[in-house]
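Novice: Build me a model:
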Amino acid sequence: MAHTIAILGGTGALGSGLAIRWARAGHRIIIGSRTLEKAEEAVTALKAQSPETAAEAMDNAGAAAAGDIVVLTVPYAHQLATLEGVKGSLTGKIVIDVTVPLQPPKVGTVQLPEGGSAAAAAQALLGEEVFVVSAFQNIAADLLQDPERVIECDVLVSGNKKDARQKVIELAAEAGMRGWHAGPIANSAAAEALTSILIQINRQGEISHAGIKIVGQEVH
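Specialist: Numbers count the residues shown, from 1 in each chain. All right, here's what the predicted structure looks like:
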């Protein structure tokens, strides 16, 4: 099933990478930003990078209203303010929140916010009629931007509604990644914290683009 996916903060590397992969899978992509001008600039840059990627530009309010799935890829400092501005358009929708509560300059130190996690704060702000799903925090953005690149990193998918988590797992598969049900939104704290740990691993210089992989014996 094709969706209209609105990516708020689609001006960044992670948002544009997801846009490239989901457009290739046949979804309608809307890039949202604080202003229409910034969104149009992002779409122009996206087409220069990936000419075959079709995307539309809107301000965040228009994008949130138009999308049946909304993806939040803004920096942590702008997370809740962005959601507050579009809250009225999100009822009944899945909101995929990829926010990591990195607090410069100590981005390699786990600093989870009051309330446990950024995604839990988003769910608390939006209410239970919005289905917040936390995912994609541990994926290297530059890998996403190359649709031919195989991504050796799994996706932990947290959210209070199992059907919403399953939809995001399906979208992850369409983008070339394997997603796993990781439980309720409170469990997003684990994926958010892992980002700082992966940053520290990368800093050692023995590996780049560190990620996680779920291993075990498959049950049939």
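Novice: Where is the longest helix in this structure?
Specialist: In the chain, assigned by DSSP state H, the helix with the most residues is helix 188-203.
Novice: now that one, how far from the chain's geometric center?
Specialist: 15 Å (CA atoms, centre = their mean, to the nearest Å).
Novice: same for the lowest-mean-pLDDT helix or strand in the chain, what does it pack against?
Specialist: One helix or strand of the chain scores below all others by mean pLDDT, DSSP states H and E: helix 141-144, with a mean of 90. Applying 3 or more CB pairs under 8 Å, 6 or more residues apart in numbering; DSSP states H and E, one finds that helix 141-144 makes contact with helix 13-24. C-beta coordinates here come from the backbone N, C-alpha and C atoms, glycine included.
Novice: Only the buried residues of the helix it packs on, if you could.
Specialist: Residues of helix 13-24 classed as buried under the neighbour-count rule (16 or more other CB atoms under 10 Å) are 14-24.
Novice: again, but for stretch 29-38
Specialist: Buried positions in stretch 29-38, judged by neighbour count with 16+ other CB under 10 Å: 29-34, 36, 38.
Novice: Quick check: buried residues in stretch 118-128?
Specialist: Applying 16+ other CB under 10 Å to stretch 118-128 flags 118-123, 126 as buried.
Novice: in the protein, which residue is closest to the centre?
Specialist: Residue closest to the mean C-alpha point of the chain, counted by CA atoms, centre = their mean, is residue 98 at 3.4 Å.
Novice: so what's it closest to, chain neighbours aside?
Specialist: In space, and not counting its chain neighbours, residue 98 is closest to residue 136: 4.4 Å by CB to CB, 6 or more residues apart in numbering.
Novice: My read is that that neighbour contacts residue 18, right?
Specialist: Yes. Using CB atoms under 8 Å, residue 136 is in contact with residue 18, at 7.3 Å.
Novice: can you tell me which residues contact residue 188?
Specialist: Applying CB atoms under 8 Å, 6 or more residues apart in numbering, we find residue 188 in contact with 97, 117-120, 134, 137, 156, 158, 182.
Novice: 10 Å instead, please
Specialist: Shown in contact with residue 188 (CB atoms under 10 Å, 6 or more residues apart in numbering): 97, 99-100, 112, 116-123, 132-135, 137, 156-159, 182.
Novice: quick one: average pLDDT of stretch 21-30?
Specialist: Stretch 21-30 carries an average pLDDT of 97.
Novice: no, scratch that, I was asking about stretch 119-129
Specialist: 98.
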